[in-house]
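Colleague: Build me a model from this:
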Amino acid sequence: MRRIVQLNKYYAPHTGGVETVVQNIAEGLKDSTAMQVLVCAPDAKTREDTVNGVAVRRSGRLCEVGPMPVSLRYLQDVRRAAKTADVLHLHMPFPWGDLALRLSGYKGKVALWWHSDVVRQQRLLKLYMPLMRWTLERADVIAVATQGHIDGSAFLKPYESKCRIIPFGVDEAYYAAGAPVAAHPPVNEKTDFLFIGRMVYYKGCDVLLDAFARMREKNCTLTMVGDGVLLEGLRAQALQLGVADRVTFTGAVSKEELMRRIAACDVFVLPSVARSEAFGLVQIETMAYGKPVINTDLPSGVPYVSLDGVTGLTVPPEDASALAAAMDKLAGDAQLRLSYGKAARERVEREYRMETMVARVGALYAALCGEK
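Modeller: The predicted structure is shown next:
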């Protein structure tokens, strides 16, 4: 049985898009591979545990530099694991993981999963660049979720020949629960627009509120699910724009409540404004419920997930007027919403099943190990 070691910053119960992908791969392939996950602990204590049948080692952390954990123990743990690994699978960007790989002395096969470019931490990027290029040169294969990840990245484009496109898979709970909703969409008196995500700079929540206030159609509501540093400022913005009576801020909610909100809405909006939004997993979660999506034309994977004029509408980022026009268009045309929603569910069934993603990753590992 081939031994696979995934390298990432953190692991469940820590939440995040990358952490979700790592967990999905690990749990999906735990019965066919000897799977181990090496991550950093949230504190100085090193520990080993098992999460849903997956062996996880959490190396004691010294500190964080920006979004990156720093752990001397992690360097030691990767070096030890490299002695018996058939494949080391590094999830990027994670500079400390690159360093651990470089110092490990590992001679075997290396897989990368390129989740996104470093966008905001430009000082860190200048220091990271030589190490990043070494890692990209060292890699035997680089997985990306969409062609947009390649086309939108000046770092990745020179290594396109190494890239393999493996779309993310939707959580099976969303896929199953979404089927009856997609088959029988709710009929609401008011068109309910839904946003889900952290209230941080690149999500474009301020642009969404501005667009909502500009809409001609007023028989609408907007539900914003999530927490973050910008939440209170967004509440104040809604008051200032005079739409606070039609906007609901839920804060963080349980998975069950999140699924209920998705089922009840009419349109999902992802108004992201920066390449930090590399894919938007929430797009396929809502598409699984047969919901049309309004997204933005970022130079990333975002517009490759929900397609303009097929499963929803795509508008320029940071353009409140264009976003308002798209929202008005869907608010005023129930049949168009239903048509896009039906196509959205079909696209998830065809492209974004979890079992399909896991099988593709398994095939990638098998190829690296010389198996047919």
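Colleague: Phe155 and Arg123: what is the separation?
Modeller: In this view, Phe155 and Arg123 are 17 Å apart by CB to CB, to the nearest Å. Where you see a C-beta, it was placed from the backbone N, CA and C, and this is true even at glycine.
Colleague: So for those two, which residue has more residues nearby?
Modeller: Each of Phe155 and Arg123 has its neighbours counted (other CB atoms under 10 Å); Phe155 has more, 16 against 8.
Colleague: What ranges does the stretch 201-350 of the chain have for its helices?
Modeller: Under the criterion DSSP state H, counting those that start in this stretch, helices of the stretch 201-350 of the chain are mapped to 205-214, 231-241, 255-264, 281-287, 302-305, 320-331, 334-351.
Colleague: Highest mean neighbour count across these, which stretch is it?
Modeller: Ranked by mean neighbour count under mean count of other CB atoms under 10 Å, those are led by helix 281-287, which reaches a mean of 27.
Colleague: now that one, how far from the centre of its chain.
Modeller: 10 Å (CA atoms, centre = their mean, to the nearest Å).
Colleague: Show me what that helix is packed against.
Modeller: Contacts defined by 3 or more CB pairs under 8 Å, 6 or more residues apart in numbering; DSSP states H and E place helix 281-287 against strand 191-196, strand 267-269, strand 293-296, helix 302-305, helix 334-351.
Colleague: In JSON lines: those, plus distance to Leu231 and mean pLDDT.
Modeller: Formatted as JSON lines, these follow (distance: least, CB to CB, whole Å; pLDDT from 0 to 100):
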{"stretch": "strand 191-196", "distance to Leu231": "12", "mean pLDDT": "98"}
{"stretch": "strand 267-269", "distance to Leu231": "17", "mean pLDDT": "98"}
{"stretch": "strand 293-296", "distance to Leu231": "21", "mean pLDDT": "98"}
{"stretch": "helix 302-305", "distance to Leu231": "22", "mean pLDDT": "96"}
{"stretch": "helix 334-351", "distance to Leu231": "28", "mean pLDDT": "97"}
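Colleague: With distance to Gly204 added, can I get those in TSV?
Modeller: Shown next, in TSV, are the helices and strands packed on helix 281-287 (distance: least, CB to CB, whole Å):
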stretch	distance to Gly204
strand 191-196	9
strand 267-269	9
strand 293-296	7
helix 302-305	11
helix 334-351	21
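Colleague: do you know which of these lies nearest Arg235?
Modeller: Across the helices and strands packed on helix 281-287, Arg235 has its closest neighbour in strand 191-196 (13.8 Å, CB to CB).
Colleague: how about low-confidence regions in the stretch 151-300 of the chain?
Modeller: Along the stretch 151-300 of the chain, no part satisfies pLDDT under 70.
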